[in-house]
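# Turn this into a model:
(chains A and B)
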Amino acid sequence: MSILVYALHYEGEFNKNSLGAVSEGAKLAKELGGEAAAVVVGGDDLTDELCASLGGYGASKVYRVKGPEGLAQPVVDAMAKVIADEGFKYALFGGGLLGFEIGAGLTARLNAGVTMEVTAVKVQDGGLVAERPILQDSAIVDVGYVGEPGIIIGRLNAFDATESGDGAAEVVDVDVQLEDHSTKAVMVTRGEQRGADVNIEDADILVAGGRGLGKAEGFDLCESLAEALGGAVAATRAVVDAGWYPYAAQIGQTGKTVAPKLYLAAGISGAIQHKVGMQSAENIVAINKDANAPIFEFSDLGIVGDLNKILPKLTDAVKAKKG
Amino acid sequence: MKICVLVKEVPDAAVEKRMDQGSKRLDRSGETTLNQFDTHAIEAAMQIREGGKADVEEIVAVTMAPADAGRTLNKAVALGADRSVHLTDESLAGSDVCATGYALAKVLESESPDLVLLGQQSADGECYTIGAVVADHLKMPSLTQVIKLDVEGAGLRCERQAEYGYDTVDVELPAVISVGDAINEPRYPSLKAIMGAKKKQRDTKGTGDVGIEADRVGAEGSRTQVLAINPPAEKAAGEIIEDEDTNETVERILAWLDERKLIG
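Below you'll find the model as predicted:
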């Protein structure tokens, strides 16, 4: 076997980024002349049928391990055991928080090389080389591995989930004795939705607000403009964590991925974690008072100025134009 | 309770960060400073101390950095650490995440902390991973990107945003926790704290002092290799408007949107 992929699931469904990683792993394994397998960790909702469905994305085998969900360290134990028993050349993760933590834990456990935020993987000289953008995406490094396994952690949305047309994967139950320290973090509540349930994924136009709005009330400006344009309001992680706006409106790493016709970013600096959730928007307009904000590197129209002055006038102008 | 805070020296925000094509490492010449994300970890330690739910005997800033990292450690001490530990050795240069995490774990082991705190990412490497690497070496439970941290009995109650919303997790001590920048607003150090920082104890340690195996660190001991550094795909630069007359700016935005049929 050549590539082991971690597949995250929640409430009976696999994560989209995990399915992308399974597809990518299967594609790369084929190029290496091997096969890809997946590891899943959880409780009774990991049915035979659900696990076997990963075969449809190219996994030939699925190792099913009983363990707590939503925490990284039990998965590190599970993957370390499967790698030790079966031998894998690479471990692969889709974008997201848990993949980073599990990949990092495995690095320590197996004294293995790790690359994170990977946007593409290629086969070179019989091995895998990971492409990783660095320094605010101003350069891309090609990273190769010394020894086995090599650990590859994808950036959010780096790998597309594609159905391979293959049949069901073989499901193998594996008993894993968890390390002591892996039992010392206990989930109290998981997946709490904070704030109103809003829908931003279907909107053609999004007006997004970040820390540059200054305070929670700053979102009033975004809401007025969004209403005038006939769109919805989105937010960055920083302001969602600060409680200014609902989690359901969050773009990026642990939030939503959107591709609207227009994405108007107000007071958003443009950190990579945000960029990965919205860079597929057709038109990106950014308003920021800092001329050096990274968002101007990938916006189609950038306005360097005070959003408190610009947004109200823009709202009025849009309303007037629409009559 | 003894808290160790991992801190990192990074290029100052005003310095244009670039890779050195020869060594294939980050060019670390120019002004350096304390990683902004780590100031939130020091503040979190201070708030545990001041919160009264745990008796914090000591807060120790720990770094692995070149020999001249004194200013960064002084800044960490000025923000609240009682003393600092500086792991420095030429053999550590070029260490990747695997090697760096191992070396940091060894120096932390020599301090036997009850809690290790660190910022969720560094402003230069942005790897997000060191906390989880260190935790596995130390065999401690770990969470990263924590935005709320409370002492509850003999452990911690932590909150963070994960793939499906906010998670609340109870963690037993000793533990390794990386914190997000939403966790607190770091205080400004007083002039007295800044002046006093230089007088606080600083222990400088080499790899041999903490039992680091030489073949597991540095470029030689690393498990990844940078094979090439390439420019990103060219993207046409966007149009930029400097807002001087807001009425005119708004007209230009409106025309731009209208041209693309974005105003229905």
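# Number of residues surrounding residue 158?
Using chain A. A count of nearby residues for residue A:158, using other Cβ atoms under 10 Å in any protein chain shown, gives 21. Just so you know, the C-beta spots here come from the backbone N, C-alpha and C atoms, and that holds for glycine as well.
# nope, chain B
Number of residues near residue B:158 (other Cβ under 10 Å) recorded here: 24.
# partners of the closest residue to it other than its chain neighbours in the sheet?
Spatial nearest neighbour of residue B:158, chain neighbours left out: residue B:146 (4.6 Å); criterion: Cβ to Cβ, 6 or more residues apart in numbering or on different chains. On the basis of DSSP bridges, residue B:146 is bridged to residue B:160, residue B:179.
# List the residues that contact residue B:146.
Residue B:146 is in contact with B:158, B:159, B:160, B:177, B:178, B:179, B:180, B:183, counting by Cβ atoms under 8 Å, 6 or more residues apart in numbering or on different chains.
# with the residues you listed in mind, which one is nearest to chain A?
Comparing these against chain A with Cβ to the nearest Cβ picks out residue B:180 as the nearest, at 6.6 Å.
# if I look at the residue lying closest to residue A:311 once chain neighbours are set aside, how far off is residue A:261?
Among residues not flanking residue A:311 along the chain, residue A:221 sits closest, at 4.2 Å (Cβ to Cβ, 6+ apart). The gap separating residue A:221 from residue A:261 is 21 Å, by Cβ to Cβ, to the nearest Å.
# out of those two, which sits in the more crowded spot?
A direct count of neighbours by other Cβ under 10 Å for residue A:221 and residue A:261 places residue A:221 higher, at 22 against 15.
# How about the secondary structure of that one?
helix (DSSP: H, G, I helix; E, B strand; the rest coil).
# How confident was the prediction at it?
Note for residue A:221: predicted pLDDT of 98.
# quick one: contacts for it?
Residue A:221 touches A:209, A:213, A:266, A:307, A:308, A:311, A:312, A:315, counting by Cβ under 8 Å, 6+ apart.
# what about the third one, neighbour count?
So the one you mean is residue A:266. 26.
# Residues in a beta bridge with it, which ones?
Bridge pairing for residue A:266 - DSSP bridges - gives residue A:209, residue A:287.
# hang on, it packs against residue A:212?
Yes - using Cβ atoms under 8 Å, residue A:266 is in contact with residue A:212, at 6.9 Å.
# ok, for the residue of chain B at minimum distance from chain A, nearest residue in space, not its chain neighbours?
Across chain B, no residue is closer to chain A than residue B:243, which sits at 2.7 Å (Cβ to the nearest Cβ). Among residues not flanking residue B:243 along the chain, residue A:305 sits closest, at 2.7 Å (Cβ to Cβ, 6+ apart).
# who are the neighbours in contact with that neighbour?
A:287, A:289, B:241, B:242, B:243, B:246, B:249.
# Show me which of those are buried.
A:287, A:289, B:241, B:243, B:246, B:249 (16 or more other Cβ atoms under 10 Å in any protein chain shown).
# Over to the residue nearest to residue B:243: give its phi and psi.
phi 180, psi -180 (degrees, to the nearest 10).
# Please name the nearest non-neighbouring residue to residue 164.
Because you didn't say which chain, this covers chain A. Closest to residue A:164 by Cβ to Cβ, 6+ apart is residue A:58, at 4.0 Å.
# think we crossed wires, I meant chain B
residue A:191 (3.8 Å).
# Over to residue A:195?
Per Cβ to Cβ, 6+ apart, closest to residue A:195 is residue A:246, 2.6 Å.
# isn't that neighbour right up against residue A:234?
No - using Cβ under 8 Å, residue A:246 makes no contact with residue A:234, being 10.2 Å away.
# who has more neighbours, those two?
When residue A:246 and residue A:234 are compared for neighbours, residue A:234 comes out ahead with 34 against 17, by other Cβ under 10 Å.
# quick one: pLDDT of whatever residue of chain A ends up closest to chain B?
Distances between chain A and chain B by Cβ to the nearest Cβ are smallest at residue A:305, namely 2.7 Å. Model confidence at residue A:305, given as pLDDT, is 97.
# Distance-wise, check it relative to residue B:259.
Applying Cβ to Cβ to residue A:305 and residue B:259 gives a distance of 20 Å.
# what does residue B:197 give?
Counting by Cβ to Cβ, the gap from residue B:197 to residue B:259 is 56 Å.
# re earlier: a markdown table please, covering the contacts of residue B:146 and showing pLDDT.
A markdown table is the format used below for those (pLDDT from 0 to 100):
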| residue | pLDDT |
| --- | --- |
| B:158 | 98 |
| B:159 | 98 |
| B:160 | 97 |
| B:177 | 98 |
| B:178 | 98 |
| B:179 | 97 |
| B:180 | 94 |
| B:183 | 96 |
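# got a pLDDT number for the residue nearest to residue B:158?
97.
# which residues do residue A:266 and residue A:212 both contact?
By the contact definition Cβ under 8 Å, 6+ apart, residue A:266 and residue A:212 are jointly contacted by A:288, A:307.
# What number of residues are in the vicinity of residue B:259?
For residue B:259, using other Cβ under 10 Å, the count is 9.
# now residue A:323
Neighbours around residue A:323, by other Cβ under 10 Å: 4.
# again, but for residue A:307
26.
# What's the separation between it and residue A:251?
17 Å.
# got it, and residue B:230?
28 Å.
# show me where chain A has helices.
For chain A, the helices defined by DSSP state H cover A:16-32, A:48-52, A:72-86, A:97-110, A:219-229, A:237-241, A:272-278, A:307-322.
# Out of those, which is the most enclosed?
Comparing the helices of chain A by mean neighbour count (mean count of other Cβ atoms under 10 Å in any protein chain shown), helix A:97-110 comes out on top with a mean of 27.
# Tell me how many other residues surround the nearest residue to residue A:189 once chain neighbours are set aside.
Spatial nearest neighbour of residue A:189, chain neighbours left out: residue B:168 (4.7 Å); criterion: Cβ to Cβ, 6+ apart. Here the count is done by other Cβ under 10 Å, and residue B:168 has 15 residues near it.
# For residue B:168, give the beta-bridge partners.
Counting by DSSP bridges, the residues bridging with residue B:168 are residue A:189, residue B:159.
# ok, it touching residue B:157?
Yes - between residue B:168 and residue B:157 there is a contact at 6.6 Å, judged by Cβ under 8 Å.
# what residues do these two have in common as contacts?
Common neighbours of residue B:168 and residue B:157, counting by Cβ under 8 Å, 6+ apart, are residue A:188.
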